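Chemist: Return atomic coordinates for the entry below.
(one chain, ligands or ions: 1)
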Amino acid sequence: MTHESTDNGRREFLKQGTFAVVALSAGTAMAQEPSPAAGHQHHEGHSGPKLTTPPSVEHQHDHVAAEYDGFSRYVPSRGNDPDSDYYIGKLVPGFRKPEDGPAPFEAPDLDKLPFVMKDGVKEFHLVPQSVEQEFLPGYKMNVWGFNGSTPGPTIEVTQGDRVRIIVTNELPEETTVHWHGFELPVQYDGSHTLTQNPIKPGQTFVYEFDIHEYGTFWYHTHVAMQETHGMVGWMIVHPAKPVGPPVDRDFGLLFQNFAILPNQTVNDSWSMDWNWHTINGRSGPYATPLVVKHGERVRVRIMDFSPVQHHPIHLHGHTFWVTGHEGARMPSSAWVPRNTELIAVAQASDFEFIANNPGDWMFHCHMTHHMMNHMVKDVGPHIRQTDNVDQYLANLDSRPAVRMTHDDPGFAVPGYPQGMKGMDMSDEFMKAIWSRREFMGMRATAAMSLMGLMTTMRVLPEDLYHRVMKTDETIEKGSIFAEIVNRFGNPADYKKAPMHMMHGGM
Ligand SMILES: [Cu+2]
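Modeler: Model (predicted):
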């Protein structure tokens, strides 16, 4: 711990893990969604020297500073002293107003499970059932989940709540639901036959317990092989007493693997090979990007519910602090700065970082076989089967051209529900990808690099964030990315993507 900060109020707040002091020292509360007209347009088209702190943004968020012991929330930086509270943004607070409480949890592409208050209890209805989940546009799989999706809808509660979860089994076989990690009365633990009789098809079982803890939890079937079909969902518990530093965004990405073989839309639970990879029930590029504002403090909770495989999750362009694992937040003295964190089956890790580096950043599992579905991509010897070494060596300046087509018999699997050799990206497919506002302004070729367990962390200056997330302006492909290069990069060296790249033939 260092003692260089002159802002005693903030330091006390950070030490005590309460918002009370910073609320007093904050002065005028900043606007949560400032108007884009408030002075951010002056960078438009700028291609000069690199910018550091946007003064207008700082002006609006006057309860937080831009600089902390050499760390800036607006430019890549880490500070000088690894023991500083602010090294790599460690305890740098977000913009969120303390009185607004914890940032709502956002699991892209998943719904939240609604509840009603009954006698002081939050009552939920959860329905295990067969669901049709669209992993990619046009690729509908018959898997199992809850309330119409896999993962099921997110249960979001607060420490101290009492919950009643009414589970009605619509599966064609018996099940139970386990509340993973909770310290609850054993009869509600959901351990199939160990702690309760199975819930038979059509029957209902009511789970009711107090939430003592906060952190990253989930629910899942406790019939082991049902897990492989997708029977899981988030159960996020916010702390009763806010824990600093406040984050502006609280995302969750739930990683799964499935084995869905030729001519099938049903998962093979006996498989040890997994060809479909999903984040919150979708594969890249259909997994919706996470979009944040430049300078925000961001939390991402990652959870691995794959049957047998682990995921080293890597974020480009930033260094994050690992602040917690499944079920608990770590004391800040135990936080670890990383850019890749290995998350094993049934484990979770919470990342926190200041989004101080604008851009569209890859956020993905680093297992090469998880970075695409079906473990195939058109590179290397597979697409050069008709060539031989002599042809390559004959002319070192000009190698044999690669035939960029999908008609190579090497990967023809009759009836396979997806193009085995690369992903067929039809016009309809691409339309579905680009119809989401979170994708607007990304490079025209962005979808081609996102497959399997890959998504994007988009860090946008406030005015660009507003254009993408709040307006219905027409945003040309690549325009937001190019503007970020203009402001923060080297536009002289930047080439925009071809607008009509071969989607099916690349
Ligand atoms: Cu992986």
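Chemist: alpha carbons only for contacts and neighbour counts from here, please
Modeler: Will do.
Chemist: Point out where the protein drops to low pLDDT.
Modeler: Counting by pLDDT under 70, the ranges of the chain that qualify are 1-62, 262, 375-386, 402-424, 500-506.
Chemist: where do the strands sit along the stretch 201-350 of the chain?
Modeler: 204-210, 215-221, 232-238, 249-258, 276-279, 290-293, 297-304, 311-315, 320-325, 328-329, 336-338, 340-343, 348-354 (DSSP state E, counting those that start in this stretch).
Chemist: which helices and strands sit right next to the second one?
Modeler: Based on contacts counted as 3 or more Cα pairs under 8 Å, 6 or more residues apart in numbering; DSSP states H and E, the elements that strand 215-221 packs against are strand 177-180, strand 232-238, strand 328-329.
Chemist: cool, the shortest one as well?
Modeler: Counting by 3+ Cα pairs under 8 Å, 6+ apart, the packing neighbours recorded for strand 328-329 are strand 215-221.
Chemist: Show me how far the strand it packs on is from its chain's centre.
Modeler: Strand 215-221 sits 16 Å away from the centroid of its parent chain (Cα atoms, centre = their mean, to the nearest Å).
Chemist: send the alpha carbons of that strand over as PDB?
Modeler: Provided in PDB are the C-alpha atoms of strand 215-221 (Å, rounded to 0.1, in the frame of the first residue of the first chain):
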ATOM      1  CA  GLY A 215     -20.600 -13.500  -5.800                       C
ATOM      2  CA  THR A 216     -20.700 -15.400  -9.000                       C
ATOM      3  CA  PHE A 217     -23.000 -18.500  -8.800                       C
ATOM      4  CA  TRP A 218     -25.100 -20.600 -11.100                       C
ATOM      5  CA  TYR A 219     -27.800 -23.200 -11.100                       C
ATOM      6  CA  HIS A 220     -27.700 -26.500 -13.000                       C
ATOM      7  CA  THR A 221     -29.300 -29.900 -13.200                       C
END
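Chemist: List of residues touching it?
Modeler: With contacts defined as Cα atoms under 8 Å, 6 or more residues apart in numbering, strand 215-221 is touched by 175-182, 190, 227, 231-239, 301, 324-329, 348, 350.
Chemist: swap the cut-off to 6 Å and go again
Modeler: The contact list for strand 215-221, computed with Cα atoms under 6 Å, 6 or more residues apart in numbering, reads 176-180, 231-237, 326-328.
Chemist: filter these down to the ones close to the ion.
Modeler: Taking Cα under 5 Å from the ion as the test, the ion is in contact with none of the contacts of strand 215-221.
Chemist: which two from those end up farthest apart in space?
Modeler: Thr176 and Ala328 (24.4 Å; Cα to Cα).
Chemist: which secondary structure element contains the residue in the stretch 1-150 of the chain that the ion sits nearest to?
Modeler: The nearest approach of the stretch 1-150 of the chain to the ion comes at Phe135, 16.3 Å away (Cα to the ion). Here Phe135 sits within strand 128-136, counting by DSSP states H and E.
Chemist: Could you show which parts of this structure are in contact with the ion?
Modeler: Going by Cα under 5 Å from the ion, the residues of the chain near the ion are 311, 365, 367, 370.
Chemist: Just the buried residues from these, in PyMOL please.
Modeler: This is how PyMOL selects the buried members of the residues of the chain next to the ion, with burial counted by 16 or more other Cα atoms under 10 Å:
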select buried, resi 311+365+370
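Chemist: Can you redo the helices and strands packed on strand 215-221 as CSV, where the extra columns are mean neighbour count?
Modeler: Shown next, in CSV, are those (neighbours: other Cα atoms under 10 Å):
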stretch, mean neighbour count
strand 177-180, 22
strand 232-238, 24
strand 328-329, 18
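Chemist: hey, where'd the strands end up in the stretch 351-500 of the chain?
Modeler: Along the stretch 351-500 of the chain, counting by DSSP E, counting those that start in this stretch, strands occupy 359-365, 454-460.
Chemist: so which of those strands gets nearest Phe95?
Modeler: It's strand 454-460; of the strands of the stretch 351-500 of the chain, that one is closest to Phe95 (Cα to Cα) at 15.0 Å.
Chemist: what's the angle between the closest one and strand 249-258?
Modeler: Inter-element angle recorded for strand 454-460 and strand 249-258: 170 degrees (by axes from the mean of the first three to the mean of the last three Cα atoms, to 10 degrees).
Chemist: Who are the packing partners of strand 454-460?
Modeler: In terms of contacts (3 or more Cα pairs under 6 Å, 6 or more residues apart in numbering; DSSP states H and E), strand 454-460 is packed against strand 290-293, strand 359-365.
Chemist: go again using 10 Å as the cut-off
Modeler: Secondary-structure packing of strand 454-460 (3 or more Cα pairs under 10 Å, 6 or more residues apart in numbering; DSSP states H and E): strand 276-279, strand 290-293, strand 311-315, strand 359-365, helix 462-470, helix 479-488.
Chemist: could you check the angle strand 249-258 makes with the third one?
Modeler: Angle of strand 311-315 versus strand 249-258, following the same axes, to 10 degrees, is 140 degrees.
Chemist: And the contacts of strand 311-315?
Modeler: The contact list for strand 311-315 (Cα atoms under 10 Å, 6 or more residues apart in numbering) reads 255-256, 302-305, 320, 338-345, 349, 351, 361-367, 370, 453-457.
Chemist: How is Pro102 assigned, secondary-structure-wise?
Modeler: Following DSSP: H, G, I helix; E, B strand; the rest coil, we place Pro102 in the coil state.
Chemist: Distance check, it against Trp335.
Modeler: Here the distance between Pro102 and Trp335 works out to 20 Å (Cα to Cα, to the nearest Å).
Chemist: Looking at the two, which one has more neighbours?
Modeler: Taking neighbours as other Cα atoms under 10 Å, Pro102 and Trp335 compare with Pro102 leading, 22 against 17.
Chemist: quick one on the thing from earlier: now distance to Val292 too, for the helices and strands packed on strand 215-221, in JSON lines please.
Modeler: Putting those into JSON lines (distance: least, Cα to Cα, whole Å) gives the following:
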{"stretch": "strand 177-180", "distance to Val292": "29"}
{"stretch": "strand 232-238", "distance to Val292": "20"}
{"stretch": "strand 328-329", "distance to Val292": "23"}
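Chemist: what's the closest of those strands to Gly284?
Modeler: Gly284 lies closest to strand 232-238 among the helices and strands packed on strand 215-221, at 19.5 Å (Cα to Cα).
Chemist: and that closest one with strand 249-258, angle?
Modeler: 160 degrees.
Chemist: which helices and strands does strand 232-238 pack with?
Modeler: Counting contacts by 3+ Cα pairs under 10 Å, 6+ apart, strand 232-238 is packed against strand 105-106, strand 139-146, strand 152-158, strand 177-180, strand 215-221, strand 249-258.
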